[in-house]
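Undergrad: the sequence and its predicted three-dimensional model are supplied below.
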Amino acid sequence: MHFGQLRWLPALTLVLVGCGASSAGRAVQLAAETPASAWPQASGSAARSSPATARGPQDGHVRWSRTLEGAVVPGPVVGIDASILAASNAGVLHALDPVTGKDRWSYDGGGPYGSDLSTSPAVLSDGTVLWPGPGNALHALSRDGKLLWKEQLAGFVLSPAAVGSRVYVADQAGTLEALEVTATSHRVAWKTDTGSGSHSSPSVGPGGRVYVAHDRTVTAVVDLGDRPSTAWTFTTKDTIEVSTAVAPDGTVIVGTNGDVEYALTPAGKVRWRFDKGDWSYSSPVVALGRAWFGDHLGFLDEVDLATGRAVHRDLGIAKAAGRTADGTGVWTAPVVDRDGNVYFGTAAGHVYGFAADGRRLWDADRGQVVASYPALTGDGTLVVGDTGGTLTAYGK
């Protein structure tokens with residue numbers, strides 16, 4: 001993670017069975033829920049399936065830009081009051097007015113954190129913000145920026161996946177925890193060791209199954225309320241440094257530090273392989289019956305989710321610049337709007353918008369590496385950071 005048409009809206013809430021002996025062997029159940037905000041967590045949802053209901057920017061018009069106190073590698077999200085929640089690697093989380101970019105509040109996490117790995121907060125339905133911040137801790141903040149509690153983990157905390165009051169959080173040491181969160185407190189329902197060397201934030205699919213990767217292995221975990229159970233593992237020949245994305249039918253998409261992007265069935269078998277030509281720091285997203293993912297050659301691929309066949313190829317730097325691929329690298333997860341337009345950033349310092357038919361809409365040269373996973377607001381504004389410390393909102 002370094003970094004008609006059927007519309008899928010994977011907004012889910014959790015209905016828990018009772019903990020203790022009565023819950024043994026019974027998986028948690030999921031039901032439909034209105035999402036906390038237009039973009040409440042990394043890639044928009046716990047499934048990492050872009051949930052946009054707005055059309056994204058059709059040109060590179062800058063609504064505002066804001067210089068923060070350090071590199072903006074963390075990915076922004078949107079609070080329930082439409083605030084832009086964005087952090088810098090200096091360890092400060094800001095709630096910004098979506099129109100002006102000015103602070104509504106800020107919270108100092110007490111030290112720097114991160115490097116080129118983009119992590120994002122998760123916003124719960126009551127406005128609680130769960131920020132994977134400094135000190136290997138998940139910081140829980142009220143909607144007005146007051147610290148409620150911290151959960152200490154063993155390593156650098158990755159982007160949490162929130163489904164109702166249930167939150168799944170992983171760290172780079174390989175710990176996966178299930179938290180049950182209330183308005184003012186939390187408890188650890190269970191924790192498990194999935195293996196060290198993880199760069200993969202958890203994702204949550206149909207039925208509440210949780211997916212996380214470490215080293216070369218994807219693990220599917222069933223939440224039994226008071227304990228986890230491993231449903232299956234899938235091991236690739238190459239290291240995985242991205243998160244998974246899960247489609248409504250349970251198909252799991254994952255990329256590797258090799259040439260191959262995989263689609264796995266809900267049973268953990270290979271549905272298809274796509275040869276993307278190079279490795280990837282770009283976590284996939286799914287939407288509109290398609291999957292999108294980038295690679296280190298600077299391309300973004302759009303493929304049919306059912307078959308793995310390419311829909312659009314060469315959407316990245318190579319096509320935009322009118323030349324062959326030059327290793328300039330897509331480092332962000334893509335953002336897909338309601339119409340299938342796609343947006344992403346690159347290590348070469350560009351932010352792009354492409355139309356659903358493959359036409360380039362716009363190209364903004366930031367002059368700095370763009371590794372921050374972007375967010376799309378309810379009014380279609382794209383918000384993304386760069387390593388020079390600037391957070392930029394593109395929109396009218």
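TA: Cool, got the structure.
Undergrad: what's the span of stretch 111-121 from first residue to last?
TA: With C-alpha to C-alpha, to the nearest Å as the measure, stretch 111-121 spans 17 Å from end to end.
Undergrad: list of residues touching that stretch?
TA: Contacting residues not belonging to stretch 111-121 are listed as 1-3, 41-42, 70, 73-77, 85, 87, 89-91, 93, 129-135, 156-160, 199, 201, 331-333, 369, 371-373, 375, 387 [C-beta atoms under 8 Å, 6 or more residues apart in numbering]. Any C-beta I mention is one placed from the backbone N, CA and C, and that applies to glycine too.
Undergrad: so which bits of that stretch are buried?
TA: For stretch 111-121, the neighbour count (16 or more other C-beta atoms under 10 Å) marks Tyr113, Gly114, Leu117, Ser118, Thr119, Ser120, Pro121 as buried.
Undergrad: next: stretch 197-210.
TA: Across stretch 197-210, burial judged by 16+ other C-beta under 10 Å covers 197-206, 208-210.
Undergrad: now swap in stretch 368-384 and tell me
TA: Neighbour-count burial for stretch 368-384, counted by 16+ other C-beta under 10 Å, picks out 368-377, 380-384.
Undergrad: and those residues, which two are furthest apart?
TA: Longest distance between any two of the buried residues of stretch 368-384 is 25.2 Å, between Val369 and Gly380; criterion C-beta to C-beta.
Undergrad: helices and strands of the chain: which one has the lowest mean pLDDT?
TA: Ranked by mean pLDDT, DSSP states H and E, the helix or strand of the chain with the weakest confidence is strand 12-15, at a mean of 37.
Undergrad: what about the residue most central in space within the chain, distance to Pro132?
TA: Centroid-nearest residue in the chain, with C-alpha atoms, centre = their mean: Ala42, separated by 2.9 Å. Ala42 sits 10 Å away from Pro132, going by C-beta to C-beta, to the nearest Å.
Undergrad: mutual contacts of the two, please.
TA: Thr119, Ser120, Ser159.
Undergrad: how much space between the last one and Trp292?
TA: Distance, Ser159 to Trp292, using C-beta to C-beta: 18 Å.
Undergrad: got it, and the first one?
TA: When C-beta to C-beta is the yardstick, Thr119 and Trp292 sit 20 Å from each other.
Undergrad: swap in the second one?
TA: Ser120 sits 18 Å away from Trp292, going by C-beta to C-beta.
Undergrad: do Gly109 as well
TA: Relative to Trp292, Gly109 is positioned 31 Å away (C-beta to C-beta).
Undergrad: between the two, point out the one with more neighbours.
TA: Trp292 (29 against 21; other C-beta atoms under 10 Å).
Undergrad: quickly list what the more buried one is bridged to.
TA: Trp292 has these beta-bridge partners by DSSP bridges: Val285, Glu302.
Undergrad: swap in Thr175?
TA: Bridge pairing for Thr175 - DSSP bridges - gives Asp193.
Undergrad: tell me if I'm right that it and Val157 touch.
TA: No. Applying C-beta atoms under 8 Å, one finds Thr175 not in contact with Val157, separated by 9.5 Å.
Undergrad: give me the more crowded residue out of the two.
TA: More neighbours surround Val157 than the other of Thr175 and Val157, with 30 against 20 (other C-beta under 10 Å).
Undergrad: dig out what that one forms beta bridges with.
TA: With DSSP bridges as the criterion, Val157 is bridged to Asp171.
Undergrad: and if you look at the one 5 residues further on?
TA: Beta-bridge partners for Ala162, by DSSP bridges, are Val167.
Undergrad: any regions of the stretch 251-396 of the chain where pLDDT drops low?
TA: Low-confidence segments of the stretch 251-396 of the chain (pLDDT under 70): 314-327.
Undergrad: show me the helices in it, by range?
TA: With DSSP state H, counting those that start in this stretch as the criterion, the stretch 251-396 of the chain has helices at 317-321.
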